[in-house]
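> Just the structure for this:
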Amino acid sequence: MGTVSFNAFGPAVIKAMKAQEAAAIKSGQVIDDTFRQYLDACTIAGVPRTQEGVDAIGDEILECQVMLDAIAIYGPVFKNTITSYSGGAKRAYYWGEQWYASAHLAPVKGGLPFLPWGKGAKAEAARLAKLAAGDGEAPAKKTKAGTVERTNDKALLDTIRKAIEQAVILNRFEFKGGLIDLACTIDPDFKV
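Numbering: from 1, shown residues only. Here you go, the predicted structure:
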């Protein structure tokens, strides 16, 4: 059975994908800039870098009318995203760091340090106390990348998949596209 060539249709798909990627990069930059400007405004206004101050920042982000309206329209996924962004803003402000989309994650996953009074800091303190008492699992040792002496295409593609995940976390969508293109030169059926 024959089929119709996709060559006449493919360019429209590629054009749309490039436009979507460009829009995602642009919106990511707008979000970054906006949160950073807001935290700069909080600094200028003299919001204290205390629990009370950073909690007020988090509440303001979550409870402003624009966000409440958007949550009503877009639902729980949007609410989770804004809650994460709010948590990252609190950490960034407290520690005097720049805000970024994944700042709310655990520090071992690329986020900013936990707030001293937060659940994450308490859990980390409890884990460290267990370790000091000789009870508990030792933290994984960080190893530096060594020389690769033997490998194969599967291992290389697995490494590229990890790099793609990192690129997504960092909102580096153009880089992600380049990694996917690279992987497809190794395996035309590559799936992320």
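
> hey, let's count contacts and neighbours off CA atoms from now on
OK.

> Helices of the protein, start to end?
Using DSSP state H, the helices found in the chain span residues 10-45, 51-63, 65-74, 76-95, 119-132, 153-169, 173-186.

> Of the ones you listed, flag the one that's most buried.
Mean neighbour count (mean count of other Cα atoms under 10 Å) peaks for helix 76-95 among the helices of the chain, with a mean of 20.

> What average pLDDT does that helix get?
Averaged across helix 76-95, the pLDDT comes to 93.

> counting contacts, what elements does it pack onto?
helix 10-45, helix 51-63, helix 65-74 (3 or more Cα pairs under 8 Å, 6 or more residues apart in numbering; DSSP states H and E).

> Other residues contacting the second one?
I take that to be helix 51-63. Here helix 51-63 makes contact (Cα atoms under 8 Å, 6 or more residues apart in numbering) with 47-48, 67-68, 82-83, 86-87, 89-91, 93-94, 117.

> Name the nearest of these relative to residue 188.
The closest of the contacts of helix 51-63 to residue 188 turns out to be residue 82 (Cα to Cα; 37.1 Å).

> Quick check: that closest one vs residue 69, distance?
12 Å (Cα to Cα, to the nearest Å).

> Ok, which of the helices and strands packed on helix 76-95 comes nearest residue 163?
Among the helices and strands packed on helix 76-95, the nearest to residue 163 by Cα to Cα is helix 10-45 (17.5 Å).

> Where does the prediction get shaky in the protein?
Within the chain, the segments meeting pLDDT under 70 span 1, 135-149.

> Mind doing that once more with 80?
Scanning the chain for pLDDT under 80 picks out 1-2, 108, 123-151, 168, 170-175, 177, 188-192.

> Break it into its domains for me.
Domain segmentation of the chain under automatic domain parsing yields 13-136, 154-192.

> got those as TSV, with distance to residue 5 columns?
Converted to TSV, these look like this (distance: least, Cα to Cα, whole Å):
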stretch	distance to residue 5
domain 13-136	14
domain 154-192	18
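
> List the contacts of residue 185.
Contacts of residue 185 by Cα under 8 Å, 6+ apart: none found.

> mind running it again at 10 Å?
With contacts defined as Cα atoms under 10 Å, 6 or more residues apart in numbering, residue 185 is in contact with residue 179.

> What separation is there between residue 127 and residue 152?
38 Å.

> swap in residue 102?
32 Å.

> go on, residue 24?
33 Å.

> just to revisit the earlier point, compare residue 102 and residue 152 (neighbour count), which wins?
Ranked by neighbour count (other Cα atoms under 10 Å), residue 102 and residue 152 place residue 102 first, with 19 against 7.

> What is the burial count for residue 118?
10.

> Kindly list the main-chain dihedrals of it?
phi -80, psi 170 (degrees, to the nearest 10).

> Contact partners for it?
Counted by Cα under 10 Å, 6+ apart, residue 118 has contacts residue 51.

> do residue 171 as well
24-25, 27-29, 100-102, 165.

> Pick the one among these closest to residue 38.
Distances from residue 38 to the contacts of residue 171, taken by Cα to Cα, are shortest for residue 100, at 12.6 Å.
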